[in-house]
Structures are given as C-alpha cells and as structure tokens.
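Student: fold the following for me, if possible:
(2 chains)
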Amino acid sequence: MLSRTADNLYWLARYVERAEYLARILEATQRLTALPIAYGGSSNEWESAVATAGCTNAFFAHYGEANEENVTDFLAFSTANPSSIRNCFEVARTNARAVRTALTVEMWDAINGAWLELKRYGNGPTSREEFMRFLRWVQESSLRFDGSAYRTMLRNDAYWFSRLGLYSERADNTARILDVKYHVLLPENETVGGPLDYFQWSAILRSVSALTAYHWVYRESLKPWLIADLLMLNDQMPRSLASCYENLVRYLDNIANAYGRQGAAQRQARTIRTRLENSRIEDVFQHGLHEFIGGFIADNNRLGAAITDQYLV
Amino acid sequence: MTVAFDEMTGSDGALRSSYTELKHWLGEIRPDVLDYRRREAELLFRRIGITFAVYGEADSTERLIPFDVIPRILSSAEWDTVRRGLEQRIKAINAYVRDVYGRREILRAGVVPEDLVFQNPVFRPEMNGQKVPHDIYVHIAGIDIVRVDADTFYVLEDNARTPSGVSYMLENREIMLRLFPELFSRHRVAPVENYPDELLATLKSVAPATASSDPTVVLLTPGVFNSAYYEHSFLADKLGVELVEGRDLLVKGEVVYMRTTEGLKRVDVIYRRIDDDFLDPLAFRPDSALGVPGIMSAYQAGQVTLANAVGTGIADDKAVYSYMPDIVKFYLGEEPILKNVPTWRCRQEEHLSYVLDNLEELVVKEVHGSGGYGMLIGPKADKATIAAFRSKLKSDPKNFIAQPTLALSTCPTCVDEGVAPRHVDLRPFVLTGRDRIRIVPGGLTRVALKKGSLVVNSSQGGGTKDTWVLDS
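Tutor: Residues are numbered from 1 along each chain as shown, chains lettered A, B, ... in the order given. Below is the predicted model:
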C-alpha cells in the first residue's frame, strides 16, 4: 500500500482516539470540580486537565487563566488549538477523505457523520447540560468509528496501520494522565491522604473508563498503587500501557510477517513490552513513578518515529 | 427562440412512447412523496460525501450538485444512433491526434489549418514523432451531446483531456435504485454499473510492452483540493487501484515507481486526472508541485502509459471542433453520424463580421474556456455585456467561436413549482482500448434547473439526472 495511505490511516485513528480521550478528561474534570470545596482541595483541576492533554504551553499562549470556560473552549472547540476535539475531527476527516479508498463505507460514514454533526455545536454549547451531551457524543462517535473499523475492515496492512495509530495514541494518553497525577498515586506503605485523594483516584479511573474494571480486577476499595498497577501493568485492562504494547507488538508483527521483513520498529516495541512485562508495581515505585512514566512517554514517541521512518514516508 | 423539443411530450405535446410509464407514474405519485424522496436523495449524497468544490468561492469548499429524481429516458433506437456516432467520432479523434504528432497528412492536405495546430497553446511539441502504446491517445473521452428534435443530436464538445462526471453517472443510478425500485420494475433499464470494469480492462489493455502480464494501474490525482477529488477517490476505489498524488511517485532510470510501505513498486499505466501543464515540472510548468519530475522522460522511453496521452487538447479545442466533420470524413471516409453545432470561427473575417452583426442571437465561447465560464449567451445578455464582448471579439478574434442559441431539448424535472420541463445535455463516456471501444449505455445528464436557462454546468447551478437507456 502507499506510504501516504498508511500514514493517513495511522493518523486518522490517532486523532479519533485523541478526541475521545479529551472528552473523557473534560468529563472527569467537570465532575471533580463539581464537588464541594471541602473535597476539591486547592489544586486547580482545570489547569491539570490542560496538562493532561499535553498542551500547557499552547494554552497559556492564548489565555491568562485556566478556568472552566477557557479550558473547555481550548480543549473542545478552539480552532487555535491543533489538538482540540474540533480540530481532531477536522483533521481526522481530512485524512479520511484523502484515503477514502482505504476505508470501508461504514468507517467513512462514521467519521463524515461525526464531522457533519460537529457543525451543529457551532462555537460551543450554551449550557453545562449541553456540554455533557457533547462529550458523550464525542465518545460515542469514537466508539462508532472504532467499531466500524473493527467490524468491517479487511485484516490486512490497512487495518494494522490504523491499529498502530490507535494504540500509540492510547499509550501516550494513559501515560500522560499518570504523568500529571503521579503525586496522588502513592506506594503501599505511604500514608494515604484524605477524601481529596479518593476523588482524584476515581477521576483518573473515569478518564480511562476503568472505574468498574478496577473493582472487578481487585475487588477492593480504591488504592493508589493498585490504580497505578491497573493502568500500567495489567494487560487485561484495554487502556493500560501493557495492553497497548501487547497490541502494538502484535500488529507490528503482522505487518512484518506480511512484508517478510522485521525492522527497528518491531525491535523497539518488543523491548518496551518486555520492560512492562518484567516490572512489578513495587519496583516501579521504588525507582520513581514519575521517572518511569517520563521514560515511557519518550520511548513511545521514539517508537512513533521508528514506525514513520520504516513505513510512512 | 423556437419552442424546445421536450423528450416526454415532443414538440406537439403528444406523449412519446419511451416516457409512457414515467408519465403514468408522475400522475400517480403524490407531490409530498416526491418531495420526500428528493430530500432523502440529498441526504444520501451528503452522507456518501459526493461533493464538489467551486473555484472562486471561499466559504463553501464542498458543495453538493443538485440531483433531480426524475430520470431522463432514451429509447434503445435513440441510443443506438448516439453510440454509433460516438464510436465513429472517437476513432476519428484518435486518428487525428496520431496524425498531428506524426505524419501530419491532414495539415498537408489543408483540411485543418496549420497555425490552428502549431500556434495552439495545447499543442505539445514534446509529442512530435512520439510513439504511444498501441497508438491510442484518447482512452477516456466525455463527449457532450445536445438534442434539438426527435432525430437530431449535436456534439457540443469533445472532452478529450480529463473529462469528469462519471462518478455522478454511477452514483445517480445507485441512489435511484434505492429510492425508486418500483419505477425500475416498470422499465427495463440497461445497467451502467459495469463502467469501472470496462475502464480497468481498457487501461490494462494499453499497458506498455515492457509491463508484466498483470500491469499495475494507478489513478493520479492533483489531491484533495481538486474539485473532482471525490470522483478520483471513488473511481480508484471501484477500480481497485491506488489513488496516488505526485509525491507518491518517483522516476528512476526512466521507470515510474510508487512509494509503498514495502518499498518502491513499478507503475505501468497511469490514469491521470491532472492536466498536461502540471504533469512534470521538468517538462512543463516548473512551478507545479502536483506532478512527478521526470515522468515525461519515462513516458517518452515507452516505460509507462499515460491515459489520456499528453497533448490530446489539440483534439477538443473549440476552434478545432468546427473542423470535426471534416476530420471524420478525412480519416474514415464516412459522413458524421453525430452533427456538429453550426459554428462561426471568429478567426475568419467573414465569420467574424457575421458574429459581430448578430451577437444578440449567438452564443460566443472562448476557444480554451470550459465549465461555462467566459461565455456570452446573446439572447440572455444585457447591452453592456454584449458591448464588452464586442470589444473582446475585435481585439482577439482568434480566441472565440460563436454558435446559434440552440433550443436544447427539455425533460420533466422536479422544481419548486412542481414538475416542469428543463433543458438538458448528455455526457456519455467513451473508452478506447487496444481491443475495442467500450461505451456503457447512457451517461451523465446535466440539467439547467433555472427556468429557461441553457447553462447546465454544475459550477453555475446546474444539476444532474439519472439517464436511462431502455432495453429494446
């Protein structure tokens, strides 16, 4: 297949995934800030949402203050933010249009439909209720697109490249949440804070839609080290780093087998997966959660560059 | 102006036989149902993403071509005449292009004036003496036909470069089949859905001799910003070939390759939807970022087939058009089956003075214009416009031709006031391969939705209809 087509498919999946992630962050933040002050603590949740979206510098270039109005506008509707939900759909649809021939009718329908629907929201919703509906709708659009891809695409390189985009983005997103919230994720032997932390933890789980999953896996109340374990090392959890890398390795192998050639991307993905497999959460805390996550984000970016070099240009 | 011939009711109001069922159906269907279907059709088009861009409109980069749900019907006898006329015409066109870039017999015989060819900006000296695979130059033509009475079809334009619109022909049929199964069951409509297969067979048949037995075909598009991009992606999809942009191709050792995830892959046939000017920055416009550097050298080395060939503009230029009846006679020794619209060549003094005296009644077109831009429709124009054209004509007569204002035939069309006659034309698509000529029955019918308007171009408010050729 054309390198440009593969590149478009890869980024199409990334942008749809990113839009969904932003919607989850905004939803979780909205929830957290709605709590009474006593539970909310002093930290600025809107600022942390911007950080979790990875666009702090860009945000403060446009706004002086990280409040609800500014942050929801910037992350959801702004045309000045290249990664706003609106721009994600815009870029995704542009990519989809450029590779119409590589998409199934259902996928095109999902992304084109979402893009048309987005216009109805204009420059933003008029009320919090409508904004909530908007966030739900973004997540449903992503589910629909992903489901269409899963159910209708031929299992060939086009599918595999689109999956690579999805899992690269997802790994990055999960890692970013951990990177911003690492200070509330404490090892087992440290003193746990008050109710503030509890709601922070549940917000983290919510932003990766894992609140219910947590209870099914651990069958106990929220413990920060278990949350870290779930999001990083548990390969049953679809948004965990381990699960993302299991998939990245698998789809890279599919491509390598079909093309009859292994390359740098395959080797790098395997190395990262092995490190995740061999890590225990205690060791991660011992060496520093923040450092581990920082290293992971850098590794994940390097893998993206390797995939690009090997296939997409 | 005379009353136009209506394809349903003729010139005298008597129902024509191919429209019997349709007329009946139009009497049965409730206006609100028809209107509902109309809106449903628009929704379908919008969702599928069949849009086009209009140059010069900043705000709406993607627009929908209006679709009329009432089909235009041709009997098999009518179609047979058109089809034979098209085959004859395309044979002559191919012989002519080959001759112009080869032995130039037609110029030496004085049938077509030399300066019309050599001073024409669409003439490509690079093609002089150039052999092309299987001697075929125009593989895909979209020949515009209009009708003025029960028996007379005129060719309005021979589009021999990169004609578009075939995706609408195909999608219109799909939408009609979805919306009006009942109406179809009352007719026997010849299918058009095999067009992509016919196109692929045509393209593969003209692969260069150096290609493998299963040649690699690609479709070259200028990119997503081109007004016909939807069609390019649609066709590539139906053909099952890669849709490439210039940057996806490269030329090495006079062979064309595409960049794939598995490395470079050889390309044998390029169905290019990009104009000559932009094809190769090394050979033509150096500022073109759309083309492929070196592709002309590969083409000249016979390592790749371009469809259509470079330089075919010399066959569909509006000034050359007026010589087409002579061209048909010269190469085939036959009378043209499809007539030409009587045309005054403003380059000839006696024609020019006639045109200047009768501007109010004539249609004046730029020789190199297309899309309905830059033309004067005398009977519809105000005094100032006519005066402006008069001075344009005087200062550069060579650049213009003039034709009588034709009473284009009309077809029943769904408009705000109900069902009313509107003027139509027809663009059938003619495929020429090594083995034979292929034409799917019908083509794209374009309709001028404004009452009395004769301009059917989509860029100027025209719409489209499904075209039914009835099986005998």
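
Student: low-confidence bits of the stretch 51-200 of chain A, can you list those?
Tutor: Residues of the stretch 51-200 of chain A meeting the criterion pLDDT under 70: A:189-196.

Student: can you list the residues of it near chain B?
Tutor: A:94, A:97-98, A:100-101, A:108-109, A:112-113, A:116, A:157, A:161 (C-beta under 8 Å from any C-beta of the partner chain). C-beta: built from backbone N, CA, C; applies to glycine.

Student: run the last query once more with 7 Å
Tutor: A:97-98, A:100-101, A:108-109, A:112-113, A:157 (C-beta under 7 Å from any C-beta of the partner chain).

Student: for residue 96, which non-adjacent residue is closest in space?
Tutor: All of this is about chain A. Using C-beta to C-beta, 6 or more residues apart in numbering or on different chains and skipping the chain neighbours, the partner closest in space to A:A96 is A:I111 (4.6 Å).

Student: that answer is for a different chain, and I need it for chain B
Tutor: B:I327 (5.1 Å).

Student: check B:Y299 too.
Tutor: B:Y299 sits nearest to B:L306 (C-beta to C-beta, 6+ apart), 5.6 Å away.

Student: about what we covered before: redo the residues of the stretch 51-200 of chain A next to chain B as CSV? Include neighbour count and secondary structure.
Tutor: Conversion of those to CSV gives the following (neighbours: other C-beta atoms under 10 Å in any protein chain shown; DSSP: H, G, I helix; E, B strand; the rest coil):
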residue, neighbour count, secondary structure
A:R97, 22, helix
A:A98, 23, helix
A:R100, 22, helix
A:T101, 21, helix
A:W108, 22, helix
A:D109, 17, helix
A:N112, 19, helix
A:G113, 17, helix
A:D157, 22, helix
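
Student: picking up where we left off before, for the residue nearest to A:A96, list the residues it contacts.
Tutor: A:I111 is in contact with A:92-93, A:96, A:145, counting by C-beta atoms under 7 Å, 6 or more residues apart in numbering or on different chains.

Student: next secondary structure after the host helix or strand of it?
Tutor: A:I111 belongs to helix A:105-118 when elements are defined using DSSP states H and E. Following helix A:105-118 in sequence order, the next helix or strand is helix A:128-152 (DSSP H and E).

Student: ok so, going back, for the residue nearest to B:Y96, give me its contacts.
Tutor: B:92, B:96, B:106, B:112.

Student: what about the closest residue to the first one other than its chain neighbours, distance to B:I437?
Tutor: Looking back up the chat, that one is B:A92. What sits nearest to B:A92 in space, not counting adjacent residues and going by C-beta to C-beta, 6+ apart, is B:V328, at 4.3 Å. The spacing between B:V328 and B:I437, counted by C-beta to C-beta, to the nearest Å, is 15 Å.

Student: give me the more crowded residue out of these two.
Tutor: Looking at B:V328 and B:I437 with other C-beta atoms under 10 Å in any protein chain shown, you find the greater number of neighbours at B:V328, namely 24 against 17.

Student: surely the more buried one is in contact with B:L86?
Tutor: No - the pair B:V328 / B:L86 is not scored as a contact, 11.7 Å apart, by C-beta atoms under 7 Å.

Student: so where's the stretch 251-400 of chain B shaky on pLDDT?
Tutor: B:369-373.

Student: hang on, the earlier thing: the residue nearest to B:Y299 in helix, strand or coil?
Tutor: strand (DSSP: H, G, I helix; E, B strand; the rest coil).

Student: OK, contacts around it?
Tutor: B:270, B:272, B:299.

Student: that one pairs with what?
Tutor: B:I270 (DSSP bridges).

Student: please report how far it lies from A:G263.
Tutor: On the measure of C-beta to C-beta, B:L306 and A:G263 end up 35 Å apart.

Student: again with B:V97
Tutor: From B:V97 to A:G263 the distance is 48 Å (C-beta to C-beta).

Student: just A:L35 next, same as before
Tutor: Counting by C-beta to C-beta, the separation of A:L35 from A:G263 is 49 Å.

Student: cool, and B:P379?
Tutor: In this view, B:P379 and A:G263 are 69 Å apart by C-beta to C-beta.

Student: ok, those two, which is more surrounded?
Tutor: Higher neighbour count among B:P379 and A:G263: A:G263, with 16 against 12, using other C-beta under 10 Å.

Student: just the buried positions in the helix or strand harbouring the residue nearest to B:A92, please.
Tutor: According to DSSP H and E, B:V328 maps onto helix B:324-332. Neighbour counts over helix B:324-332 (16 or more other C-beta atoms under 10 Å in any protein chain shown) mark B:324-328, B:330-331 as buried.

Student: now do stretch A:290-305
Tutor: A:292-293, A:296-297, A:299-300, A:303-304.

Student: longest helix in the chain, please.
Tutor: As the question left the chain open, I've gone with chain A. helix A:3-33 (DSSP state H).

Student: can you look at chain B instead?
Tutor: Per DSSP H, chain B has its longest helix at helix B:76-100.
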